[in-house]
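Q: The sequence and its predicted three-dimensional model are supplied below.
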Amino acid sequence: MILYVHFGLRAVAELGDTEAVFRRLVGLVGGISPMTQPLPPDALLADVAGARRYFDRDARDLAALVRLRIAAVHGVDCTIGVGPNPLLARIAAQSGPPGTIRCAPEDPAEIAAYLAPLPVAVLPGVGPATVRTLAPYGLTTVGAVRDTPAATLQRILGGPAARRLGEYARGTDPTRVVPAAPPETVAATREFPRDELDPDHHRRAILGCAEELGWRLRRDHRAAAALTLTVGYADGTTTVRTRTLPEPTAHSRALADEAYRLHATLALQRARVRTVTLRADRVTTESHATHQLTFDPSDDRARRLEAAADRARTRFGPSAVHPASLTRRGPDHSP
């Protein structure tokens, strides 16, 4: 059995250094089951098959033990989904209000009935663009997708995407929990005070995240080789997109440009966005970062301005300098 443990970005951020707090939370769950896989910035998977025998408890009791320990040590009220595979555990965790334990069924017939009425957006990789593609065909629920012939799905979505979606709709998830230490990452989050539909506000939040990431990376003499954008919606679902950067960088402009491209792939239209998280992945030392020579004088000017801004931030604090576009009214973009 698998546990999907979701801490919540706000709860993690309130405890201080997000990355350090996340590592402590992962280590605490690892004390119950060594088969623990971090899912930064605020979740993890734990295979408790061995822990059930060791503690002589079923999966739900182990989930209660995890919640109790996390609340006692860190004061975080986490949400836990229990299921026979990572897909069902994640869906169970996201299918209701936070701060509870929810269990998905194990019997195949019960799994089919459990998934059938759920919106198709609960399946991994199904973002707003895919939802809009499927909607004209009446494929708005998991059950409708499951009952659609594979050939029809392939004509709508293409071969690989259709095969994955068909497996997920049947409750099948071939992935396994891979135990590992939390990867070296740096993350920045912006939370909107209400459902935010304006794409300009989304982009401004992304810019604020990129500025914060760039400053923190340069301050610690590090660089990011990959970037992950996570968008959280009003219904509790999220969409995640990851891309490897052309070269490791800590340049805020390069991070923002790549983040904008990731955001464009989501094709969000009237999506009720609540949070935007930008995460620097595969963080390495500054010595591994390269600067591609260019004849564009604006790039050199941007880097000189960035260096001057960093000196001001070092002296007066991280919020001393920020792009002028972030001073307009909108969501809170302070680091």
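A: Yep, that arrived.

Q: helix or strand for the residue most central in space within the chain, which one?
A: Nearest to the mean C-alpha position of the chain, by Cα atoms, centre = their mean, lies T230 at 4.4 Å. Using DSSP states H and E, T230 maps to strand 222-233.

Q: List the pairing partners of that strand within its sheet, with orientation.
A: Note on strand 222-233: by DSSP bridges, its sheet partners are strand 238-249 (antiparallel), strand 273-285 (antiparallel).

Q: got the CA coordinates for the longest one in CSV?
A: Translated: strand 273-285. Taking Å, rounded to 0.1, in the frame of the first residue of the first chain, the C-alpha atoms of strand 273-285 are listed here in CSV:
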residue,chain,number,x,y,z
VAL,A,273,-5.4,29.8,-10.2
ARG,A,274,-4.6,30.0,-6.5
THR,A,275,-0.8,29.4,-6.4
VAL,A,276,2.2,29.5,-8.6
THR,A,277,5.4,27.8,-7.7
LEU,A,278,8.7,28.0,-9.6
ARG,A,279,11.4,25.4,-8.6
ALA,A,280,15.0,25.3,-9.6
ASP,A,281,16.0,21.7,-10.1
ARG,A,282,19.3,19.9,-10.4
VAL,A,283,21.0,22.7,-8.6
THR,A,284,24.7,22.8,-9.1
THR,A,285,27.6,25.0,-8.1
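
Q: Just the buried residues of it, please?
A: Residues of strand 273-285 classed as buried: 273-283 (neighbour count, 16 or more other Cβ atoms under 10 Å). In short, each C-beta sits where N, CA and C put it, glycine included.

Q: Please apply the same query to the first one.
A: When neighbours are counted by 16+ other Cβ under 10 Å, the buried residues of strand 238-249 are found to be 239-241, 245, 248-249.

Q: Output those residues in JSON lines; the columns should cover distance to A205 and pLDDT.
A: JSON lines is the format used below for those (distance: Cβ to Cβ, whole Å; pLDDT from 0 to 100):
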{"residue": "T239", "distance to A205": "15", "pLDDT": "85"}
{"residue": "V240", "distance to A205": "16", "pLDDT": "84"}
{"residue": "R241", "distance to A205": "15", "pLDDT": "88"}
{"residue": "L245", "distance to A205": "20", "pLDDT": "88"}
{"residue": "P248", "distance to A205": "24", "pLDDT": "87"}
{"residue": "T249", "distance to A205": "21", "pLDDT": "87"}
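
Q: quick one: which two of the residues you listed are the most distant?
A: Greatest spacing in the buried residues of strand 238-249, by Cβ to Cβ: T239 and P248 (25.1 Å).

Q: which one is L229 nearest to, not counting chain neighbours?
A: In space, L229 comes closest to L262 once its chain neighbours are excluded; the distance is 4.2 Å by Cβ to Cβ, 6 or more residues apart in numbering.

Q: For the one you found, give me its contacts.
A: Residues counted as contacts of L262 (Cβ atoms under 8 Å, 6 or more residues apart in numbering) are 227, 229, 241-243.

Q: out of those residues, which one sits closest to A11?
A: Nearest to A11 out of the contacts of L262 is L229 (Cβ to Cβ; 21.0 Å).

Q: My guess is the closest one contacts T277. True?
A: Yes - counting by Cβ atoms under 8 Å, L229 touches T277, with 7.3 Å between them.

Q: returning to that earlier point: can you lay out the strands paired with strand 222-233 as CSV showing distance to L139?
A: Below are those laid out as CSV (distance: least, Cβ to Cβ, whole Å):
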stretch, distance to L139
strand 238-249, 18
strand 273-285, 23
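
Q: Could you list the low-pLDDT ranges of the stretch 101-250 of the chain?
A: 182-183 (pLDDT under 70).

Q: Show me the helices in it, by range?
A: 108-115, 128-134, 142-146, 150-157, 159-169, 199-219 (DSSP state H, counting those that start in this stretch).

Q: Need the contact partners of the first one.
A: Taking contacts as Cβ under 8 Å, 6+ apart, the residues outside helix 108-115 that touch it are 84, 88, 91, 104-105, 142-143, 146, 169-171.

Q: Now name the helix or strand holding I80.
A: Using DSSP H and E, I80 falls within strand 79-83.

Q: which helices and strands does that strand pack with?
A: For strand 79-83, the elements it packs on are strand 2-6, helix 59-74, helix 86-94, strand 101-103, judged by 3 or more Cβ pairs under 8 Å, 6 or more residues apart in numbering; DSSP states H and E.

Q: list the helices and strands the third one packs on?
A: Using 3+ Cβ pairs under 8 Å, 6+ apart, the elements in contact with helix 86-94 are strand 2-6, strand 79-83, strand 101-103.

Q: For L268, find the nearest of those strands.
A: From the helices and strands packed on helix 86-94, taking Cβ to Cβ, the stretch that ends up closest is strand 2-6, at 22.3 Å.
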